[in-house]
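K.L.:
After the sequence you'll find the predicted model.
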Amino acid sequence: MKLTFFGAAEEVGRSCILVENQDTKLLLDAGVKLTEQQTELPIIPKELLNGISGVVVSHAHLDHCGYLPHMFSTGFNSNIYATKPTLELTNVIVSDYLKISKPSEVTKQGIASMVKHYKNVDYFKTFSIGSFELKLYPAGHILGSAMIEVKDKLSNKTLLYTGDMNTRSTRLLPAAYSEHLHADVLLTESTYGGDEDTFPSEKAVLGGFIGSIKETINSGNKVIIPSFAVGRAQEVLFILNDFMRSGILPKTTIYIDGMINKAMRIYRHNVVFCRDEVQKQILMSDEDPFKSVFFHEVKGRRERNEIAEKQEASIIVTTSGMLKGGPVVKYLEKLAGNSANKLILVGYQAVGTPGRKLIEGASEINIGSKKLDIKMKIEQYKLSAHADRPSLMKFISKIGGLKEVVIIHGEREKMAQFAEALKGSYHVTIPSLGSSLTLP
């Protein structure tokens with residue numbers, strides 16, 4: 001079995017890994033990387049795409065699925081395998097990406113072909129692509145997210161790819177599956193694999209998060225919470241709803257803007273993938289948590305302006321999570337100049353993004369062609385959908401027969417630290433972009 005890394009090697013973004021043996025080639029994920037200046041695609045040669053027998057997508061975030069319309073616009077015509085929620089959410093994510101980025105090489109025919117090649121795969125069900133036998137396991141990251149097991153029937157070697165994973169259960173999702181896993185090689189994310197990446201307890205994080213929102217609401221001002229449309233936004237909304245229902249947070253309007261609303265509907269339609277408690281709440285109570293009385297769906301630009309200008313305390317949950325575009329820009333234009341308002345960042349902020357710059361102390365940011373002077377308060381609370389260092393180490397220790405660990409999807413310094421922590425127990429590799437690794 002041979003791996004070639006066309007993305008996510010010594011970087012976060014554009015996950016795209018070729019897995020091949022003597023007679024079959026498949027891709028694990030096909031993502032893009034959005035930077036301030038451009039969209040970076042995987043470096044896979046176009047001519048290589050013709051020989052690929054299938055793509056297995058771990059989850060519906062742009063850095064794992066955004067390259068798909070590019071592939072099919074070149075004439076690629078093999079199947080895409082993923083869970084039902086992943087395929088439905090991919091449509092939403094890709095549609096928004098094409099609307100905002102307008103990549104010239106993506107065609108209508110390519111998009112139509114992409115959708116025709118979707119193949120639903122259930123968790124724990126074995127399926128085959130050529131001489132590879134595969135299985136998906138819950139990853140706990142977002143709805144439908146999966147770890148991917150690849151068994152090479154020619155060499156009898158097994159690879160486990162984590163995708164993005166979360167080993168803690170959340171309000172919506174159970175934790176990543178970790179029982180009875182066996183693999184010769186683990187291909188693992190390392191977003192929070194650094195020496196300092198130990199998350200505080202949920203109780204501690206939520207105490208600060210809710211306390212900060214309460215302070216701003218009680219003073220009659222506005223809180224903006226930029227969020228990834230899929231995954232993080234739903235968790236944030238459930239948290240806010242729970243604390244308002246309990247009376248800990250003052251009852252106020254939570255405005256939901258951007259692609260979050262479409263994703264919420266897909267979550268609701270696929271609630272069987274959520275925790276049992278969420279399913280029971282819908283079946284056995286009068287309140288559907290996806291349709292809370294506190295939620296208000298923003299309909300368009302005009303209403304967006306009215307909300308920003310209205311003299312009322314409110315919470316605005318909107319895209320994009322790293323402030324690289326989307327409705328959040330319009331809200332910042334109106335609200336960032338008031339130091340009584342607050343911007344709360346809840347997710348990973350990639351190097352070079354406006355969100356990262358604000359965390360690092362910038363008082364002025366560029367979003368597209370707009371330059372914004374930021375006077376509102378900036379805070380960050382890590383409501384992460386990834387595993388931290390201790391959780392990654394514990395997960396890895398439970399995998400039976402593991403000999404080799406390959407580290408991807410992380411910042412270089414954190415990857416090196418993570419590798420050092422693992423070296424005593426496993427053979428560890430940090431591949432470079434474009435490199436190949438033949439597994440023993």
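P.N.:
Nice, I can see it.
K.L.:
excluding its backbone neighbours, what's nearest Ile260?
P.N.:
Of all residues not flanking Ile260 in the chain, Ala233 sits nearest, at 4.4 Å (Cβ to Cβ, 6 or more residues apart in numbering). Where C-beta positions appear, they are placed from N, C-alpha and C, glycine not excepted.
K.L.:
Which pLDDT value goes with that neighbour?
P.N.:
Note for Ala233: predicted pLDDT of 93.
K.L.:
Now do the contacts for the most centrally placed residue in the chain.
P.N.:
Nearest residue to the geometric centre of the chain (Cα atoms, centre = their mean): His61, 4.6 Å. Applying Cβ atoms under 8 Å, 6 or more residues apart in numbering, we find His61 in contact with Gly31, Ile93, Ile142, Asp164, Phe228, Val230, Gly231.
K.L.:
got any ranges where the chain has weak pLDDT?
P.N.:
Applying pLDDT under 70 to the chain flags residues 36.
K.L.:
Okay, domains of it per the record?
P.N.:
The chain breaks down into these domains under automatic domain parsing: 2-196+385-438, 202-380.
K.L.:
Single out the most deeply packed of these.
P.N.:
Neighbour counts (mean count of other Cβ atoms under 10 Å) averaged over each of the domains of the chain peak at domain 2-196+385-438, with a mean of 20.
K.L.:
Show me the helices in the stretch 51-200 of the chain, by range?
P.N.:
Under the criterion DSSP state H, counting those that start in this stretch, the stretch 51-200 of the chain contains helices at 62-65, 68-73, 84-101, 108-116.
K.L.:
Let's have the ones you listed in CSV, adding distance to Ser246.
P.N.:
Listed next are the helices of the stretch 51-200 of the chain as CSV, based on distance: least, Cβ to Cβ, whole Å:
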stretch, distance to Ser246
helix 62-65, 34
helix 68-73, 41
helix 84-101, 29
helix 108-116, 42
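K.L.:
Surely Val236 touches Leu383?
P.N.:
Yes - the pair formed by Val236 and Leu383 meets the contact definition of Cβ atoms under 8 Å, at 6.6 Å.
K.L.:
what is in contact with these two at once?
P.N.:
In contact with both Val236 and Leu383: Val346, using Cβ under 8 Å, 6+ apart.
K.L.:
returning to that earlier point: quick one: secondary structure of the residue nearest to Ile260?
P.N.:
Counting by DSSP: H, G, I helix; E, B strand; the rest coil, the backbone at Ala233 sits in helix.
K.L.:
List the residues that contact it.
P.N.:
With contact set as Cβ under 8 Å, 6+ apart, Ala233 has these partners: Ser227, Ile256, Ile260, Ala263, Met264, Val317, Thr319.
K.L.:
Excluding chain neighbours, give the residue nearest to the fifth one in space.
P.N.:
Closest residue to Met264 apart from its sequence neighbours, by Cβ to Cβ, 6+ apart: Phe290 at 5.8 Å.
K.L.:
The one you found against Tyr267, yeah?
P.N.:
Yes - between Phe290 and Tyr267 there is a contact at 6.5 Å, judged by Cβ under 8 Å.
K.L.:
In strands only, show me the contacts of Ala233.
P.N.:
When DSSP state E defines the strands, the subset of the contacts of Ala233 inside them is Ile256, Val317.
K.L.:
any idea which of the contacts of Ala233 is closest to Glu360?
P.N.:
For those, the residue nearest Glu360 by Cβ to Cβ is Ser227; the value is 19.9 Å.
K.L.:
Name the nearest residue to that closest one, sequence neighbours excluded.
P.N.:
Nearest to Ser227 is Ala233, by Cβ to Cβ, 6+ apart, at 4.1 Å.
K.L.:
separation between that neighbour and Leu89?
P.N.:
For Ala233, the distance to Leu89 equals 12 Å [Cβ to Cβ, to the nearest Å].
K.L.:
Now for these two: what residues contact both?
P.N.:
With Cβ under 8 Å, 6+ apart as the test, Ala233 and Leu89 both reach Ala263.
K.L.:
For stretch 391-405, output the C-alpha coordinates as CSV.
P.N.:
C-alpha atoms of stretch 391-405 as CSV (Å, rounded to 0.1, in the frame of the first residue of the first chain):
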residue,chain,number,x,y,z
SER,A,391,-7.5,12.8,23.7
LEU,A,392,-5.5,12.1,20.6
MET,A,393,-2.9,10.1,22.6
LYS,A,394,-5.6,8.1,24.4
PHE,A,395,-7.4,7.3,21.1
ILE,A,396,-4.2,6.2,19.5
SER,A,397,-3.2,4.0,22.5
LYS,A,398,-6.5,2.0,22.0
ILE,A,399,-5.9,0.9,18.4
GLY,A,400,-4.8,-2.7,18.4
GLY,A,401,-1.8,-3.8,16.3
LEU,A,402,-0.7,-0.2,15.5
LYS,A,403,2.9,0.2,14.4
GLU,A,404,3.0,3.3,12.2
VAL,A,405,1.5,6.8,12.7
